[in-house]
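In: quick check, what structure comes out for this input:
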Amino acid sequence: MEARWITPRGIGDRRRGISLVIAQALCLALVLLVAATQIQVIAQLKLSRTERDYEHALQAAEAGANWYLNRISNGAALGSPITNRSVQAFRQAVKDRTVAVTRYPAGSEQGYYVGYTGVTGSVLSVTSYGWSHGVVRKVTMRFNQQGGLTYAILTGGPIVVSGQPTITSDIHSNTSATFYGNPTINGKVSSTGTVTYNGHPTVTGGTVNGAPSVTRPFIDGAALRSQALANGSSNTSTITSNGPVTLKGLYTGNLSINANPQITIVGTVYVTGSLVFNGNATTTLGNGLIVAGNVIQFNGNGALLGGDGLALVSLGTSAYNTYPPAVQFNSNMRIKGVIYAPNGYVQVNGQINLTGSIVADSLQINGNPTITRNANYTAPSAIADDGYDLLDWRDIE
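Out: All right, here's what the predicted structure looks like:
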């Protein structure tokens, strides 16, 4: 076999060929790298834009909610209720032009759609949708109209409960709450300070220490006096009849009811001094209201039948555990309505059955009363409307 020698020139040609292949491979790799980088950059830009729209939609939803609450807090009407839609259903409604988004800023591809979705008693439910280039965020809120009540018991000062009362709905104190005995509380107990249990209570809604302060409704005492005076005035100081009795207007001084009458209240009845029930009167308020400039005291059984608003208001001033309390129940009465002592101490003795709420500067409960918040409570004109308090805020989607 003849040997074949590879010349230096052949070696060089082969090396150049290999180098060319390597260079082409590197170029292809660089092209692929650049292409992959561009694809990634485009994807990141799209993701960044989506994330930006997601945040802008949330900001628009919050802006809409703030606009709506500011508007109605300044006296505007609620308007017609809106449909509570899912995010997907809302997006489709915008595309179908069945929902018109308010552009924010004007002329942009961002905006909000907001309105109320329900009212339960004094609690207002609001839903706000934010829109940004087709991305939708949804925020829901619940607000309590100031002057409305979402509590069975609400005080500015201490709450002290003894015995075995049954209380249905939430309890709040802006200082402290102390429980002795074995109360049953079908709701939440909260305090800006400390809640203390001495005994074996049943509390279904949990306990919150260090809770935010809750604003109590404002009572316009001068307006109530004027309302009563419009129905005349009287110097009557004692009622001894066991038959039908009508109370209306302004009563100057103290008023004592020393029998078992069937009392009908007409409008606002205002007693400038103290009001004492010493018998077993049945009092029908209807849409009326009883107001006393000082003490209100019940020393007998009977009934106080109000509507879905205020029943009793004592404007008397008294500190916790001082005598006489602004409102005192020494009986086993049946009561419907809200008991309010904005500046005074309320003492509940016995086994009253209250459908409504107690709002006071401070409260002491002795015995085994039953207190059930009226979910249909409506604030009367005597309670000033100072806007709405936020109960909860949720970013749904």
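In: how many other residues sit next to Asp96?
Out: 8 (other C-beta atoms under 10 Å). Any C-beta I mention is one placed from the backbone N, CA and C, and that applies to glycine too.
In: likewise for the one 3 residues further on?
Out: Val99 is surrounded by 18 other residues when neighbours are defined as other C-beta under 10 Å.
In: which residue, other than its chain neighbours, is closest to it?
Out: Leaving aside its sequence neighbours, Val99 sits nearest to Ala93 (C-beta to C-beta, 6 or more residues apart in numbering; 4.1 Å).
In: could you confirm the one you found falls within a helix?
Out: Yes: with DSSP: H, G, I helix; E, B strand; the rest coil as the criterion, Ala93 is assigned to a helix.
In: distance check, it against Met141.
Out: With distances taken as C-beta to C-beta, to the nearest Å, Ala93 is found 21 Å from Met141.
In: look at the two and report which has more neighbours.
Out: Neighbours were counted for Ala93 and for Met141 using other C-beta under 10 Å; Met141 has more, 21 against 17.
In: partner strands of the helix or strand hosting the more buried one and their direction?
Out: For Met141, the host element (DSSP states H and E) is strand 135-145. Paired neighbours of strand 135-145 in the sheet (DSSP bridges): strand 123-132 (antiparallel), strand 388-395 (antiparallel).
In: give me the buried positions along stretch 174-187.
Out: For stretch 174-187, the neighbour count (16 or more other C-beta atoms under 10 Å) marks 174-181, 183, 185-187 as buried.
In: what's in contact with that stretch?
Out: With contacts defined as C-beta atoms under 8 Å, 6 or more residues apart in numbering, stretch 174-187 is touched by 152, 155-171, 189, 191-205, 213-214, 373.
In: out of those, which are buried?
Out: The buried subset of the contacts of stretch 174-187 - by 16+ other C-beta under 10 Å - is 152, 155-165, 167-171, 189, 191-192, 195, 197, 201, 203, 214, 373.
In: keep only those of these that are in strands.
Out: Counting by DSSP state E, those place 152, 155, 159-161, 167-168, 170-171, 189, 191, 195, 197, 203 in strands.
In: pLDDT weak spots in the protein?
Out: Counting by pLDDT under 70, the chain has low-confidence residues at 1-48, 73-75, 121-122, 145-148, 379-389, 391, 396-397.
In: quick one: the helices in it, in order.
Out: With DSSP state H, the ranges of helices along the chain come out as 8-73, 87-95, 221-229.
In: wait, what's in contact with the residue lying closest to Ala60 once chain neighbours are set aside?
Out: If the residues on either side of it in the chain are set aside, Ala60 comes closest to Gly130, at 3.4 Å by C-beta to C-beta, 6+ apart. Contacts for Gly130 (C-beta under 8 Å, 6+ apart) come out as 56-64, 110-112, 136-139.
In: most neighbours, which of the residues you listed?
Out: Top of the contacts of Gly130 by neighbour number is Ala60, holding 29 neighbours under the definition other C-beta under 10 Å.
In: correct me, but it touches Ser108?
Out: No: applying C-beta atoms under 8 Å as the test, Ala60 and Ser108 come out as separate, 9.5 Å apart.
In: common neighbours of those two, please.
Out: What both Ala60 and Ser108 touch, as defined by C-beta under 8 Å, 6+ apart, is an empty set.
In: so what's Gly273 up against?
Out: 252-255, 292-294.
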